[in-house]
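> give me a 3D structure for the following:
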Amino acid sequence: MKKTFWLLFILVVLLVAGGFLYWKLSRPVPRNTAVVSHWPTPLPEAPPTSPSPKAPSGHARAAAALPEPEIKREAPATEAGFVLRQGETLDYSANVTKLNSTVADLRIIASERRPSTGNGSWHLQAFAHTENPYRMVFQLDDQFDSYSDAGNMTSLQYEMHLNERGQKVDTVERLLSSVEDPAPAGTSAARVPTGTRDPLGMLEYLRGVDWNHKSEVHSSVYDGRKLYEVRAVLVGKSTAVTVPAGNFNTTKIEIHVMDNGTEMKDAHFLLYLTNEATRLPVLMEAVLPVATVSVELTKAK
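Next up is the predicted model:
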């Protein structure tokens, strides 16, 4: 299998989407065939929406905004004080300590909130592209799209549009918790437990947790290839952080990732959220066997 490494937010944005940066050794294989072949009832027409914010340079593909299905909904898990703002755009630089320079730029956008039955849904987007001189060695222009329930950020659909070294791979997966529900035409079905989130949805979910009253939360996270169990633990309520965007007082959260019941020992993740109402994720760190990667906020608008 040809080895590649690519930027992605792993569960909670500690890579994707979300967020955090991590290294993968194999390219995901597109799955263009649904697990089952028929949708039981016609899908409703999606309401008209305003255009999404313009993607950064190098990301011309548009996401497939498919109508959302009926899902089993959990009670909203976010604190009332946090409200995600439509159009919020967060820019990050990804740095590897051993290189002492910016390897890639990341952007996370709360593109739009789609009205619908129940809580409606959020269209979240993330973009990643390598910077020179590393781009000369490894050209990467990736886009991730999440359609997540607005009440609890559980994932409805997750898309990866990857362009690495000129090789393009597109996957569109509808996340379904029932074996009786097929995927709509043009998508694949990922069978996941009820309440599963994708990396971008997980990041926004963690922003909404009331860390003044909770010290730990759990969630299943599907990253487009595998299903993980994630445990997020509060480790500090007043941690000073300095990033290009400024100086912040933050809540520090440690991310534990379980693969098939066993915690990943070769990767360690930390997320820093501001203690303001916006709960901005200003710093994400991934301590990997080969290096420490920090994803630092450069601009928020």
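> could you say what helices and strands the lengthiest helix in the chain packs with?
If you go by DSSP state H, the chain has its longest helix at helix 199-208. Counting contacts by 3 or more CB pairs under 8 Å, 6 or more residues apart in numbering; DSSP states H and E, helix 199-208 packs against strand 101-114, strand 121-130, strand 141-149, strand 216-222, strand 268-274. Where you see a C-beta, it was placed from the backbone N, CA and C, and this is true even at glycine.
> who does residue 243 bridge with?
When assigned by DSSP bridges, residue 243 has beta-bridge partners residue 246.
> so what's it up against?
282, 283, 296, 297, 298 (CB atoms under 8 Å, 6 or more residues apart in numbering).
> C-terminal to the host helix or strand of residue 172, what's the next element?
Assigned by DSSP states H and E, residue 172 belongs to strand 167-176. Sequence-wise, the next helix or strand downstream of strand 167-176 (DSSP H and E) is strand 188-191.
> against which helices or strands is that following strand packed?
So strand 188-191, by 3+ CB pairs under 8 Å, 6+ apart, packs with strand 167-176.
> partners of the strand it packs on, with directions?
If you go by DSSP bridges, strand 167-176 pairs up with strand 155-164 (antiparallel), strand 188-191 (parallel).
> going by mean pLDDT, which of the ones you listed comes out lowest?
Note on the strands paired with strand 167-176: strand 188-191 shows the lowest mean pLDDT, a mean of 87.
> and it, which residues are buried?
Within strand 188-191, the residues that qualify as buried by neighbour count (16 or more other CB atoms under 10 Å) are 189, 190.
> one more: stretch 125-140?
For stretch 125-140, the neighbour count (16+ other CB under 10 Å) marks 125, 126, 127, 128, 129, 130, 134, 140 as buried.
> look up which residues are beta-bridged to the first one.
Legend: beta-bridge partners of residue 125 under DSSP bridges are residue 109, residue 145.
> now do the last one
The partner list for residue 140 in beta bridges (DSSP bridges) reads residue 164.
> check the fifth one too.
With DSSP bridges applied, residue 129 shows beta-bridge pairing to residue 105, residue 141.
> what distance do you get for it to residue 190?
When distance is defined by CB to CB, to the nearest Å, residue 129 is 26 Å away from residue 190.
> cool, and residue 154?
13 Å.
> one more: residue 199?
From residue 199 across to residue 190, the span is 14 Å (CB to CB).
> ditto for residue 165
Residue 165 is 26 Å from residue 190, by CB to CB.
> residue 288 now?
In terms of CB to CB, residue 288 sits 26 Å off from residue 190.
> how about residue 252?
From residue 252 across to residue 190, the span is 31 Å (CB to CB).
> try residue 151
Separation of residue 151 from residue 190 (CB to CB): 21 Å.
> one more: residue 138?
Residue 138 sits at a distance of 28 Å from residue 190 (criterion: CB to CB).
> cool, residue 241 as well?
For residue 241 relative to residue 190 (CB to CB), the value is 35 Å.
> likewise residue 255?
For residue 255 relative to residue 190 (CB to CB), the value is 21 Å.
> which intervals of the protein have sub-threshold pLDDT?
Regions of the chain meeting the criterion pLDDT under 70 cover residues 1-81, 116-117.
> what residue is smack in the middle of it?
Taking CA atoms, centre = their mean, the centroid of the chain lies closest to residue 200, which sits 2.1 Å from it.
> measure it to residue 264 for me?
Residue 200 is 20 Å from residue 264, by CB to CB.
> got a list of what residue 201 touches?
Applying CB under 8 Å, 6+ apart, we find residue 201 in contact with 18, 122, 124, 146, 148, 153, 154, 155.
> buried among these? Need that as a selection in ChimeraX.
To isolate the buried ones among the contacts of residue 201 in ChimeraX, judged by 16+ other CB under 10 Å, type:
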select :18,122,124,146,148,153,154,155
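> widest-spaced pair of the contacts of residue 201?
Taking CB to CB as the measure, the contacts of residue 201 span a maximum distance of 14.1 Å, between 18 and 154.
> derive a ChimeraX selection command for the buried subset of the contacts of residue 243.
One line in ChimeraX is enough to select the buried members of the contacts of residue 243, burial here meaning 16+ other CB under 10 Å:
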select :282,283,296,297,298
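> got TSV for the contacts of residue 243, with distance to residue 218 and secondary structure too?
Output for those, formatted as TSV (distance: CB to CB, whole Å; DSSP: H, G, I helix; E, B strand; the rest coil):
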residue	distance to residue 218	secondary structure
282	24	strand
283	23	strand
296	27	strand
297	26	strand
298	31	strand
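> turn the contacts of residue 243 into TSV, including distance to residue 104.
Formatted as TSV, the contacts of residue 243 follow (distance: CB to CB, whole Å):
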residue	distance to residue 104
282	17
283	16
296	12
297	14
298	12
